[in-house]
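In: sequence and predicted model, in that order:
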Amino acid sequence: MLKEDESVSDNLTEEQERTLNALLNLIIPPSEDGKMPGAADVGFFDHMDSHEIRPWIQEGLLHVVEESQATYGKELSALNGAEQGQLIDSLRGRFRQFFNGLTTQVINCYYQHDDVLEAIGLEARPPFPNGYPVEEGDLALLEPVFLRGKIYRD
């Protein structure tokens, strides 16, 4: 349980947090006109906790931090864009599962954020209770299912 003055990312070091934020904005950078937020601006730390993905992300971040320090002598967030790209490209082959998983989670988090939904012209709300219009179908198509009878146990 977190205390009031603790952040949700207390088990990441400050360098890991900065590295993760740099990676997030490499995956989905903020738009230059400021209309679309970057992936680091949509609550990914909360997403990690709610989806229990923090352990493997933290493990992957350790590799990125180590490689950045070994190659450039500084952390990923302190590198320029070209150096960041080169470092990630060199790591992608060895840690493909980490980068693929991270990208998938970032996209899932990003496109559920209210600011992003509104920026792309959607209402920032759950689909229910207002619901979306669903075209009525021909219920006669379900007749074979009804005729099949009960196929489950009570």
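Out: Noted; the coordinates are in hand.

In: and for the nearest residue to Pro29 once chain neighbours are set aside, the neighbour number?
Out: Leaving aside its sequence neighbours, Pro29 sits nearest to Gly38 (Cβ to Cβ, 6 or more residues apart in numbering; 5.2 Å). Backbone N, C-alpha and C define where each C-beta goes, glycine included. Using other Cβ atoms under 10 Å, Gly38 is surrounded by 16 other residues.

In: now stretch 76-83: how far from the chain's centre is it?
Out: 21 Å (Cα atoms, centre = their mean, to the nearest Å).

In: tell me the secondary structure at Gly34.
Out: coil (DSSP: H, G, I helix; E, B strand; the rest coil).

In: just the pLDDT for it.
Out: As predicted, Gly34 sits at a pLDDT of 87.

In: quick one, phi psi at it?
Out: phi 80, psi 0 (degrees, to the nearest 10).

In: next, count neighbours for it.
Out: Neighbours of Gly34 (other Cβ under 10 Å): 7.
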